[in-house]
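Q: after the sequence you'll find the predicted model.
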Amino acid sequence: MSGMKKIICILAVLVIGVAVQSQVLAQNRESSANVSVAKAFITSIAPQSIVPGTVVSRNDAKLAAEVTGRLIDVSDVGTVVKSGDVVAIIEDTQLLLKRDEQRAEVNRAQARLKFLENEEKRFVTLAESNLAAATKLDETRSDRDVSRGDLQVARSRLAQIEDQLSRTRITAPFGGIVVERLMMPGERVNTGSDVVRLVDQQHLEVIARAPLDYFSFVRPKQVLVIKTETANITGTVRTVVAIGSENTHQFELRLDIEANRFPVGQTVRVSVPVSNARQALVVPRDALVLRPEGITVFVIDKDNKARQVAVTTGVGTGDNIEVNGDIEDGAVVVIRGNERLTTGQSVSIMQG
């Protein structure tokens, strides 16, 4: 009899254990999970290929001397300048002396012209009664015309010297930063000698080259994804150079990007479409639940209950990816908190 009691006790314990476990599972099923959600939507996508690119400045120039002379000042590397700021100065002593000399020539030509104009007025009066004065009048008028030409030449030479003086100050044609000193103070420069390199950090673009096979799928104003090891951004195609290299069979595209996102010279990867776009249903990549048995997405119904749906993935576009399965356009999918969800579990949707 004692043996029978033991068996009955064991069976009772097992029954109670099963009941408790069933109750726990039911409670777990009924407990709601906090999740973040997004909507599935239909968009235009195209298969992408990754091509290399480089960040460059649209304004990157080596500023050269336009007059000959000795450098007396050159901006240091790292100096930030605005358009019109002086970045280098060339000694101007000889030009200043030439300007003073030429100003004297202008004054002399003006005085000569004024004298001849007064002489002309005097001979006009005398010529009415004196034949000799009439001859002198013609001669004076001729000298006056020559003097006017001399004054114009003197003024032109003075303007040339003043222009050369202005060019002893090498100024920035655009705002930027001095990234290289190509010559140092004390060195003598000739016309055309590079002095500093100036780079504009506010107007950047990416230059990329892609196979000619993709040319018909890339167009201006198209938004493409640009990636590095640490960041993903988008860039807008500014221009497509419709000339391929005979050696590489590639064409060039240039994309505008926001300033200060990457340094000049940064290597990037650009996603380029390789076929025409098509309409497809996409969800955020975070909605995918990756498990050994396959890929699933949790869809939230009108009663705020989770339903696990098996899907297959297709083309990715930025943070979204194409999915095929029992999901409709506008379906609410879980993007945070889906790791421990089960089918039929209630959810509480977090805002923000």
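A: Happy to help now that I have it. This one's a predicted model, so the numbers in the text were calculated from it and none came from an experiment. Numbering: from 1, shown residues only.

Q: what's the single longest helix in the protein?
A: Selection of the longest helix in the chain by residue count, based on DSSP state H, yields helix 131-166.

Q: now that one: buried residues?
A: Of the residues in helix 131-166, 133, 136-137, 140-141, 143-144, 147, 150-151, 154-155, 157-158, 161, 164-165 count as buried by neighbour count, 16 or more other Cβ atoms under 10 Å. Where C-beta positions appear, they are placed from N, C-alpha and C, glycine not excepted.

Q: what pLDDT does residue 311 get?
A: pLDDT, residue 311: 93.

Q: check the one 10 residues further on too.
A: Here, the pLDDT recorded for residue 321 equals 91.

Q: so where's the stretch 1-150 of the chain uncertain?
A: For the stretch 1-150 of the chain, residues meeting the criterion pLDDT under 70 lie at 1-31, 127-134.

Q: please redo it, this time with the cut-off set to 50
A: Judged by pLDDT under 50, the stretch 1-150 of the chain has its weakly predicted residues at 1, 13-15, 18-20, 24-29.

Q: so where do the strands sit in it?
A: Using DSSP state E, counting those that start in this stretch, the strands assigned to the stretch 1-150 of the chain run over residues 33-39, 41-45, 48-57, 60-64, 69-74, 80-81, 86-90.

Q: and if you look at the stretch 151-300 of the chain?
A: Per DSSP E, counting those that start in this stretch, the stretch 151-300 of the chain has strands spanning 169-171, 176-181, 188-189, 194-199, 204-211, 223-227, 232-241, 250-257, 267-273, 278-284, 289-291, 294-300. These are given in chain order.

Q: so which of those is nearest residue 70?
A: strand 188-189 (5.1 Å; Cβ to Cβ).

Q: chain center to that closest one: distance?
A: Computed by Cα atoms, centre = their mean, to the nearest Å, the chain-centroid distance of strand 188-189 equals 35 Å.

Q: what packs against the longest strand out of those in the chain?
A: Ranked by number of residues, the top strand in the chain under DSSP state E is strand 306-317. The elements that strand 306-317 packs onto, with contact taken as 3 or more Cβ pairs under 8 Å, 6 or more residues apart in numbering; DSSP states H and E, are strand 41-45, strand 48-57, strand 278-284, strand 294-300, strand 320-325.

Q: name the residues of the fourth one that are buried.
A: Read it as strand 294-300. Neighbour-count burial for strand 294-300 flags 296-300 (criterion: 16+ other Cβ under 10 Å).

Q: partners of that strand in the sheet?
A: Strand 294-300 has the following strand partners under DSSP bridges: strand 289-291 (antiparallel), strand 306-317 (antiparallel), strand 332-336 (antiparallel).

Q: what does stretch 165-173 contact?
A: By Cβ atoms under 8 Å, 6 or more residues apart in numbering, the list of residues contacting stretch 165-173 from outside reads 59, 61, 63-67, 69, 81-92, 95-96, 99, 195-196, 198.

Q: rerun at 10 Å
A: Outside stretch 165-173, the residues that touch it by Cβ atoms under 10 Å, 6 or more residues apart in numbering are 59, 61, 63-67, 69, 71-75, 79-93, 95-96, 98-99, 178, 189, 191, 195-196, 198, 200.

Q: could you do stretch 92-101 as well?
A: Stretch 92-101 is contacted from outside by 67-70, 72, 157-158, 160-169, using Cβ under 10 Å, 6+ apart.

Q: could you do stretch 145-158 as well?
A: In contact with stretch 145-158 (Cβ under 10 Å, 6+ apart) are residues 98-99, 101-117.

Q: give me the distance from that stretch to the chain's centre.
A: Distance of stretch 145-158 from its chain centroid, counting by Cα atoms, centre = their mean, is 51 Å.

Q: what distance do you get for residue 297 to residue 323?
A: 7 Å (Cβ to Cβ, to the nearest Å).

Q: can you give me the buried ones in stretch 108-117?
A: Within stretch 108-117, the residues that qualify as buried are 109, 112-113, 116, counting by 16+ other Cβ under 10 Å.

Q: okay, those residues in JSON lines with distance to residue 307 next?
A: Rendered in JSON lines, the data for these read as follows (distance: Cβ to Cβ, whole Å):
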{"residue": "109", "distance to residue 307": "97"}
{"residue": "112", "distance to residue 307": "103"}
{"residue": "113", "distance to residue 307": "100"}
{"residue": "116", "distance to residue 307": "105"}
